[in-house]
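In: task: produce atomic coordinates for the following.
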Amino acid sequence: KLIHKFGHEIILFLWHNITETSGTISPKYQVVSVLPQTNPKTRKTPIPVHLFIEEAPRLTTRFGAGYGTEDQFRAFLDFGYKGFLGGARQLKLNLKHSSLEPYSASLKWIQPQFLTKKSSITLNPFIIKNSEPGYVTQTFGLNVPITYRFSDDFSSTLTYYLERVKQDVGQGYEEIPHSGDGIFPYNKSGILVSTRFNNSKPQFFPTQGITAFIGFKLNGYLLGSDFNYNSLWAEFRTYYEIGDVVIAFRILTGGIHSADTSQFIPVEDRFYSGGSNSVRGWNRSDLGPKRSNGSPLGGKSVMEGNLEARYPLFWKVSGVAFLDAGNVWTESYTYKLKELAYAVGGGIRVETPIGPIRFDVGFPVWNEKKKPQFFISVGQAF
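Out: The predicted model follows:
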């Protein structure tokens with residue numbers, strides 16, 4: 001009876017101490033087994049306990065491939081080395097490819113318990129090529145995030161970043177601060193402060209809880225950047241279960257302010273709207289201002305809202321009905337509610353071990369655009 005009553009407390013106590021010692025359970029241990037040594041003929045206090053620990057593999061490899069209507073064929077390859085330079089330090093290499101990211105390579109060295117037991121620091125050099133509907137860029141950079149975890153659900157991160165960007169410039173790019181086609185190079189440097197709270201669960205099919213995120217980016221001359229601007233954005237998601245139906249809601253808003261005479265904002269830091277995780281009656285980045293050549297220009301203000309009703313159908317298949325709204329505006333912190341674009345639609349979710357496979361169709365409403373959009377992807381829209 002005593003073992004049955006206190007068994008969970010023993011396991012939780014040992015798990016807590018292992019976690020506190022190594023910074024996290026995952027880098028060092030694969031199996032932790034607690035076996036009370038009992039004799040039914042005798043009652044002893046305290047209870048003898050046998051602890052069995054199996055170390056996790058130091059070198060791990062993950063890879064995968066898939067298809068989506070926006071990124072088309074995509075693949076990734078991850079390498080991880082646990083206990084790099086001793087302790088719970090980790091080294092991670094991530095390689096990715098898709099039509100939106102023709103190539104991406106990111107190396108991370110992670111030091112847990114940096115300054116305090118609840119904080120960590122990461123050195124993250126990377127190279128990435130982005131091929132979005134509104135721009136093509138190649139970026140070499142370095143991120144140095146310091147993360148502090150207040151709890152399992154609540155964390156804040158302070159990141160210093162330094163980037164060298166080369167943008168492909170074609171005809172119709174009137175906002176570029178120099179004339180002519182070719183390559184437009186520039187430097188970016190600044191700090192990013194972000195805070196996240198997430199107690200939604202379960203992971204792939206949340207039925208309860210909230211996710212709240214707020215981010216602030218300061219990019220300036222004093223930090224070595226060619227442009228001086230700041231941006232602020234926030235996102236809120238919540239999930240409610242009513243019988244067999246899950247009601248999911250999301251809202252996103254943000255703005256950018258430039259202190260430069262040219263008012264130029266790098267293309268990759270502008271706001272865009274439309275697509276499989278946005279307003280699903282439009283293609284990716286298709287909402288908002290356009291260049292003279294018809295490509296998405298992006299903007300300095302964004303607002304989006306999504307409402308979904310998710311309900312089970314049969315086996316591992318569920319259905320979704322949704323209402324999306326949103327738009328992007330050229331001016332800073334300007335939100336014209338009368339100009340919001342709306343879309344309604346539905347979809348199917350098929351549960352898999354890596355998350356739901358998603359099929360969505362969105363129809364624009366109260367708008368001259370009538371052509372529906374179809375999306376295939378992995379994971380919930382939000």
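
In: send the alpha carbons of the helix or strand in which T159 is found over as PDB?
Out: Secondary structure assignment for T159, by DSSP states H and E: strand 154-169. What follows is strand 154-169 as a C-alpha-only set of coordinates in PDB (Å, rounded to 0.1, in the frame of the first residue of the first chain):
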ATOM      1  CA  PHE A 154       6.300  30.400 -20.200                       C
ATOM      2  CA  SER A 155       9.600  31.700 -21.700                       C
ATOM      3  CA  SER A 156      11.400  34.800 -22.900                       C
ATOM      4  CA  THR A 157      14.200  35.200 -25.400                       C
ATOM      5  CA  LEU A 158      16.700  38.000 -26.100                       C
ATOM      6  CA  THR A 159      18.400  37.500 -29.500                       C
ATOM      7  CA  TYR A 160      21.300  39.500 -31.100                       C
ATOM      8  CA  TYR A 161      21.400  38.900 -34.900                       C
ATOM      9  CA  LEU A 162      23.800  40.000 -37.600                       C
ATOM     10  CA  GLU A 163      22.900  39.300 -41.300                       C
ATOM     11  CA  ARG A 164      24.400  40.000 -44.700                       C
ATOM     12  CA  VAL A 165      21.600  39.900 -47.300                       C
ATOM     13  CA  LYS A 166      21.700  39.800 -51.100                       C
ATOM     14  CA  GLN A 167      18.300  40.500 -52.800                       C
ATOM     15  CA  ASP A 168      17.600  39.700 -56.400                       C
ATOM     16  CA  VAL A 169      16.200  42.800 -58.000                       C
END
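
In: list the buried ones in whichever helix or strand comes after it?
Out: Going down the chain from strand 154-169, the next helix or strand is strand 182-198, by DSSP H and E. Within strand 182-198, the residues that count as buried by 16 or more other CB atoms under 10 Å are 184, 186, 188-190, 192, 194-198. In short, each C-beta sits where N, CA and C put it, glycine included.

In: now stretch 147-156: average pLDDT?
Out: Mean pLDDT, stretch 147-156: 96.

In: typo on my end, it should be stretch 286-294
Out: Stretch 286-294 comes out at a mean pLDDT of 91.

In: check stretch 70-89 too.
Out: Mean predicted lDDT for stretch 70-89 stands at 91.

In: nearest to V136, of the buried residues of strand 182-198?
Out: Taking CB to CB as the measure, V136 sits nearest to F184 out of these, at 10.7 Å.

In: thinking again about what came up before, pick out whichever of the buried residues of strand 182-198 sits closest to D286.
Out: Among these, and counting by CB to CB, the member closest to D286 is F184, at 23.5 Å.

In: ok, that closest one touching I176?
Out: Yes - in this structure, F184 is within contact of I176 by CB atoms under 8 Å, at 5.6 Å.

In: which residues do the two both contact?
Out: Common neighbours of F184 and I176, using CB atoms under 8 Å, 6 or more residues apart in numbering, are 167, 169.

In: these two touch, right, F271 and L297?
Out: No - using CB under 8 Å, F271 makes no contact with L297, being 10.6 Å away.

In: between these two, tell me which one has more neighbours.
Out: F271 (26 against 23; other CB atoms under 10 Å).

In: list residues touching both of F271 and L297?
Out: G288.

In: and the buried residues of strand 182-198, which two are the farthest apart?
Out: Going by CB to CB, the pair spanning these furthest: F184 and F197, at 38.2 Å.

In: just list the residues touching E132, thanks.
Out: Applying CB under 8 Å, 6+ apart, the residues near E132 are 100, 267-268, 272, 284-285, 296.

In: out of these, which are inside strands?
Out: Nothing among these maps onto strands, per DSSP state E.

In: ChimeraX command for the buried members of these?
Out: Selection of buried members from the contacts of E132 for ChimeraX, criterion 16+ other CB under 10 Å:
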select :100,267,268,272,284,285,296
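
In: show me which of the contacts of E132 is closest to G220.
Out: E268 (17.0 Å).

In: got the contact list for the closest one?
Out: 130, 132, 135, 137, 139, 165.

In: tell me the contacts of the closest residue to F271 other than its chain neighbours?
Out: Closest residue to F271 apart from its sequence neighbours, by CB to CB, 6 or more residues apart in numbering: V302 at 3.6 Å. V302 makes contact with 233, 252-255, 271-273, 326-329, according to CB under 8 Å, 6+ apart.

In: G68 now?
Out: 74, 98, 276, 375-378.

In: and if you look at L107?
Out: Here L107 is in contact with 91-94, 124-126 (criterion: CB under 8 Å, 6+ apart).

In: what's the pLDDT at it?
Out: In this prediction L107 is given a pLDDT of 98.

In: one more: R196?
Out: 98.

In: before we move on, back to that, quick check: the farthest pair among the contacts of E268?
Out: Pairwise across those, and taking CB to CB, the largest span is found between E132 and V165, at 13.2 Å.

In: just for the stretch 251-382 of the chain, where's the confidence low?
Out: When residues are selected by pLDDT under 70, those of the stretch 251-382 of the chain lie in 369.

In: so which residues of it form helices?
Out: For the stretch 251-382 of the chain, no helices turn up when DSSP state H, counting those that start in this stretch is the criterion.
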